[in-house]
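J.: What would the 3D arrangement of this be:
(2 chains)
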Amino acid sequence: MIHFKHKAVLFITLYMLVGLITPLFADDDYTRLRHILVEAIEADVKATSLHLDKKTLDPQVLNAMRKVPRHEFVPSLYRRSSYTNRPLPIGYGQTISQPYMVAVMTDLLKLKPNHQVLEIGTGSGYQAAMLAELVNQVFTIEIIKPLADEAKSRLARLGYDNIETRIGDGYYGWEEHAPFDAIVVTAAGSHVPPALIKQLKPGGHMVIPVGSQFMVQQLLLIEKTADNKVKVSQIMPVTFVPLTGKH
Amino acid sequence: MPSGSNNTSLPRYSIAMLSACALAYEVLLMRLFSIIQWHHFAYMIISLALLGYGASGTFLSFFSQHLQRHFSKVYLANILLFSLTTIICFLVAQQIPFNAEEILLDVKQSFYLLYIYLLLTLPFFFAANAIGLAFMKHRQHISQIYAADMIGAGLGSIVIIALLFYLLPNEALRLLAVLGILAGVLACWELGIVRKTRLIFIPLLVLLLLLPTKWTTLTISPYKSLEQTMRITGTRMIAEHSSPLALLNIIESPVIPFRHAPGLSFNADIEPPKQIGIFSDADSMTVITENSGNKKDFRYLDQITSALPYHFRQLDDVLILGAGGGADILQANYHGVTNIDAVELNPQIVKLMREKYAVFSGQLYNQANTHIHIDEARGFVSASNKQFDLIQMAMFDSFSASSAGLYALSESYLYTVEAFQTYLAHLKTNGYLAISRWVKLPARDTLKLLATAIAALKKNEIVDIEKSIVLIRSWQTSTLIIKNGHFSKKEITALQNFCQQRSFDVAYYPNIKATEVNIYNRLRQPYYYQAANALLTEDSERYIENYKFNLQPTTDDHPYFFNFFKWSTLEEILKLSGKGGLPLLEWGYLILIATLLQALVISFVLILLPLIIFKPEQQKSPLNGLGRLRTFAYFSLLGLAFLFIEIAYMQKFILFLHHPLYAIAVVLAAFLVFAGLGSNYSTRFAQQENQHKGVMIAVGSISIISVIYLFSLTPIFNTLIGLPTVIKVLFTIILIAPLAFFMGMPFPLGLSMLQDKEHHLIPWAWGINGCASVISAIVATLLALHFGFSLVIFAAVLFYCSAALLLIKKYH
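T.: The predicted model follows:
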């Protein structure tokens, strides 16, 4: 019993020490972890190239991933896991997406610096920050007020002055700033809102992850052609061919 | 303070009450966890919590002598502890932040799950202690105690179903705890416990009754859609209705409307009218749509894949299976259908539509051309003598549940070869059967549906099957249509126009060209088209074999439509799990395997290991006794066999009674009550010290009846299917009675064999039996998934015969 007690005390002490050390992680450490994460994403993209139709992502997207401090967007409880390639809970039943998925989605938008981008579902603000690294102006709408408030102050604190946030319904897009070169819908309802398709510029791209908070089943890529026609691609973000062998 | 004495009367009533509460608690936990979590985890949690019975056996093996000296007090204490832990353990368990979806991402989640198991094991542990102690104390009357246990459990299964119609699940939980206390009161009366001890009930009852409602409010996972909806500004819960089928939450969202229109065409420039959401078990949503009589408001219902059959020709008689909030009825109305029959399983939804939301929904459920039937879909069709122009099957499950493979373990008799034959038999010449499903990537549901439909058409000996099938898809939904006849050129043209106008893709129609597919919603390859072509050729078996998900057509003996798991794919998917591959996992099946492995490990740790290491109450088995090994084998076999038969026949009777809930309640209650009566009858063999004869008679009868039923139930059911439900329930009870009666005998007879010289083995046998029952439930599901229910019954007969052989060996 005494032996057990000693072990327990040792364990608790170690646990507390780890807890104390964690906040002392330097920015350099996070930068290093971020670079390791981006390398992992690059490897995953290579492995998934069959479905993504490319072997590497846009270097600008990867640079943005190296820059945006993901640890600032996750609750302190999960800070230590902020550079693991997985979605993390941010409260209110919402998550910050898996970095790999954020990278792929951002890449699919084919962004240019002069682009104007709309995001439906701000969440933690991480995706908006990624977009803001790549384009001039980002507009983002969040339906859950506390999340929207937190994201707004976080983005301001991190110096993202090219992101405009709004609390409310994303179904009708953001008419005053429309049309957009790209739209990301991270909080999709039962269908793609017609207003969003309208607010997409000819030649523009819209990306919608479909699935649950922790598992993206497919990425819906909607492209509006120069003649205003809509083309949809259903992309499985993983290399998996449903048939084995030759048929 | 008095202690138990040999003079105390048999605590029949308190045992019956306690068993009733324990079984009711098991059913209630299933409901509660289906609401706060997801139903597959509910299954996992309850299976393991039942190991409390096994752990109790071990506990009693160690301490029974000491405990028996204070029988009355210990018996009462265990009943009261059961009562208190039912509510306390659940309330603590629901505060644990377990998230099923993170289980492969976060090691913490496994510990949370373990913590939940341990908590929920406690009530069952205390209930089993009380019953096990009674077995030991009154070992001369084991059969009667077991009878009280079984009959009580049988009644419990009926009572909880009835209760859930009147009480919300959290209120039912409080009531069960109070009923547990009442079992304690009965125990006092039966055991002659003095007044001073009885005073303990007053503070306990006060505590339970005054527990603040806020404490017992359900804490639902924040990832379920009800919780997410409730975070939106302006949403409010208008009403909450409980039934054993589901907890319904009626939600209004005036600021940000629901706009529920799954699979709506990209080309549609319309928005659904105002809607009210009905959430089942805090998740899957159906909506009631405001209907002010303006047809234009419902144009959006023509912009989804399920509208296709209305474009073939004017349809007069339409049957809608799964009416819910009425979207499919509105769609039929929009297309000018003159006569609509609509079937809905949940009477509460029908009541809401007919009364509270009658005006809001434009009297949709009361309109003259619509006949609403409260019934199970397939059961209704089987019993109906009408024929229809169109049978429209809605998407019953929610997208999130469907995409996560959560229904893998649920049997569904809606999508089997025999079900398709039934639907087809109720189509008029040139009528259509239309089934819509969520699109899953890689394709699974729709392809299995197609394979099953083709198997049904083949069984009906239809020629040129390929001319009777069309399949279309949007990015979100697919609609498969089977025609009772061949599709004409005119119909194909209508289909092409319908899809082109809405940017839906054609996956298959007779004589389709490869250039016509995968145009609007582009997949990496035209998977649906390829699959349809392969499944319609002689090559279909090879295609199914080579496909990485299970597409085998489902049958009534093998009714797991939602199980797509294949072992051969697991390794590949696990390798991809860090690279976005997790959605490919078929969770339901894996959870079943995980539950089995955990049950085996926990059984070993909780039940066998302590008994092996410590050898409780070191008594050597007498030479003429059963012996440890034989006791272990006998009671394990009985535990496995009893549940194998119960589960397999429950499935067969669900098919007959159709309504899953009532079928389970009736079948379970009948099995338990008649087994209880059988146990009571077995007393005569025990008294004559002729237990082996009783076991032989019982096992012989079980084997004969099981085998007869295996071959004769289907024809019997087919003959009786059209009878009113009450008569069918009566037949069910009559058919179950003899089987269950004999199944109730081997267990108490076995225990009574131990009563004289090996009574120290009684709690052990009780624990082993409990443990085998848990494993049995899981193994039965696994066997049924792979080999069908018939094999489960054969296996059970084999187990029973082996158990009987063990005794023959002894007596020779």
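J.: residue boundaries of the helices in the stretch 651-800 of chain B?
T.: Secondary structure of the stretch 651-800 of chain B by DSSP state H, counting those that start in this stretch: the helices cover B:660-681, B:683-687, B:691-720, B:725-743, B:746-754, B:762-787, B:789-811.
J.: May I see the ones you listed arranged in a markdown table, with distance to B:Val318 and mean pLDDT as well?
T.: No exception for glycine: its C-beta is placed from N, CA and C like everyone else's. As requested, those are exported to a markdown table (distance: least, Cβ to Cβ, whole Å; pLDDT from 0 to 100):
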| stretch | distance to B:Val318 | mean pLDDT |
| --- | --- | --- |
| helix B:660-681 | 25 | 88 |
| helix B:683-687 | 59 | 85 |
| helix B:691-720 | 27 | 91 |
| helix B:725-743 | 25 | 93 |
| helix B:746-754 | 52 | 90 |
| helix B:762-787 | 35 | 85 |
| helix B:789-811 | 34 | 87 |
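J.: hey, which of those is tucked in deepest?
T.: Compared across those, helix B:746-754 shows the largest average neighbour count, a mean of 27 (mean count of other Cβ atoms under 10 Å in any protein chain shown).
J.: Touching it from outside, list them.
T.: B:135, B:139, B:142-143, B:145-147, B:625-626, B:631, B:634-635, B:638, B:642, B:679, B:682, B:685-686, B:691-692, B:694-695, B:698-699, B:761-762, B:765-766, B:769, B:800, B:803-804 (Cβ atoms under 8 Å, 6 or more residues apart in numbering or on different chains).
J.: Just the C-alphas of that helix, formatted as CSV.
T.: Extracted C-alpha coordinates of helix B:746-754, given in CSV (Å, rounded to 0.1, in the frame of the first residue of the first chain):
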residue,chain,number,x,y,z
PRO,B,746,-31.3,-26.6,-16.7
PHE,B,747,-29.9,-23.6,-14.7
PRO,B,748,-31.8,-24.1,-11.4
LEU,B,749,-31.4,-27.9,-11.7
GLY,B,750,-27.7,-27.4,-12.1
LEU,B,751,-27.5,-25.2,-9.1
SER,B,752,-29.6,-27.6,-7.0
MET,B,753,-27.1,-30.3,-7.8
LEU,B,754,-24.5,-28.2,-6.1
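J.: which residue does chain A bring closest to chain B?
T.: A:Gly93 (3.4 Å; Cβ to the nearest Cβ).
J.: which ones are touching that residue?
T.: A:Gly93 neighbours (Cβ under 8 Å, 6+ apart): A:213, B:221-224, B:227-228, B:231.
J.: out of everything not next to it in sequence, what's closest to it?
T.: In space, and not counting its chain neighbours, A:Gly93 is closest to B:Pro222: 3.4 Å by Cβ to Cβ, 6 or more residues apart in numbering or on different chains.
J.: Secondary structure element holding the one you found?
T.: Here B:Pro222 is covered by no helix or strand, with elements defined by DSSP states H and E.
J.: how many neighbours does it have?
T.: Using other Cβ atoms under 10 Å in any protein chain shown, B:Pro222 has 17 neighbouring residues.
J.: That one touches B:Thr229, doesn't it?
T.: No: using Cβ atoms under 8 Å as the test, B:Pro222 is too far from B:Thr229 to be in contact (11.5 Å).
J.: Please go through the chain and pick out the longest strand.
T.: You didn't say which chain, so I picked chain A. For chain A, the strand reaching the highest residue count under DSSP state E is reported as strand A:200-211.
J.: try chain B instead
T.: strand B:427-438.
J.: Show the average pLDDT along it.
T.: Across strand B:427-438, the average pLDDT comes to 95.
J.: so what strands line up beside it?
T.: Paired strands of strand B:427-438, with direction, are strand B:388-393 (parallel), strand B:477-483 (antiparallel) (DSSP bridges).
J.: Turn the ones you listed into a markdown table, including mean neighbour count, mean pLDDT and distance to A:Tyr171.
T.: Shown next, in a markdown table, are the strands paired with strand B:427-438 (neighbours: other Cβ atoms under 10 Å in any protein chain shown; pLDDT from 0 to 100; distance: least, Cβ to Cβ, whole Å):
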| stretch | mean neighbour count | mean pLDDT | distance to A:Tyr171 |
| --- | --- | --- | --- |
| strand B:388-393 | 26 | 96 | 28 |
| strand B:477-483 | 25 | 96 | 20 |
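J.: Strands of the chain, start to end?
T.: Let's take chain A. Using DSSP E, the strands of chain A run over A:88-91, A:94-96, A:116-120, A:137-142, A:163-167, A:180-185, A:200-211, A:216-224, A:230-235.
J.: other chain: chain B
T.: B:236-242, B:247-252, B:275-280, B:285-289, B:317-321, B:339-344, B:370-374, B:388-393, B:427-438, B:469-473, B:477-483, B:505-508, B:521-522.
J.: Stretch B:205-213: how far from the chain's middle?
T.: Chain-centre distance of stretch B:205-213: 32 Å, with Cα atoms, centre = their mean, to the nearest Å.
J.: Same check on stretch A:39-58?
T.: Counting by Cα atoms, centre = their mean, stretch A:39-58 comes out at 16 Å from the chain centroid.
J.: sorry, back to before: could you dump the strands of chain A into CSV with distance to B:Ile160 and mean pLDDT added?
T.: What follows is the strands of chain A, written out as CSV (distance: least, Cβ to Cβ, whole Å; pLDDT from 0 to 100):
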stretch, distance to B:Ile160, mean pLDDT
strand A:88-91, 34, 92
strand A:94-96, 36, 92
strand A:116-120, 44, 96
strand A:137-142, 42, 96
strand A:163-167, 44, 95
strand A:180-185, 43, 96
strand A:200-211, 35, 93
strand A:216-224, 36, 90
strand A:230-235, 44, 90
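J.: Could you dump the ones you listed into CSV and include mean neighbour count?
T.: Below are the strands of chain A laid out as CSV (neighbours: other Cβ atoms under 10 Å in any protein chain shown):
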stretch, mean neighbour count
strand A:88-91, 20
strand A:94-96, 22
strand A:116-120, 25
strand A:137-142, 25
strand A:163-167, 18
strand A:180-185, 25
strand A:200-211, 20
strand A:216-224, 21
strand A:230-235, 18
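J.: which one of those strands lies closest to B:Ile116?
T.: Comparing the strands of chain A against B:Ile116 with Cβ to Cβ, the closest turns out to be strand A:88-91 (18.4 Å).
J.: Tell me the strands beside the closest one, with direction?
T.: Sheet pairing for strand A:88-91, using DSSP bridges, gives strand A:94-96 (antiparallel).
J.: And the contacts of the partner strand?
T.: With Cβ under 8 Å, 6+ apart, strand A:94-96 has contacts from A:70, A:73-74, A:87-90, A:123-124, A:126, A:144, A:147, A:213-214.
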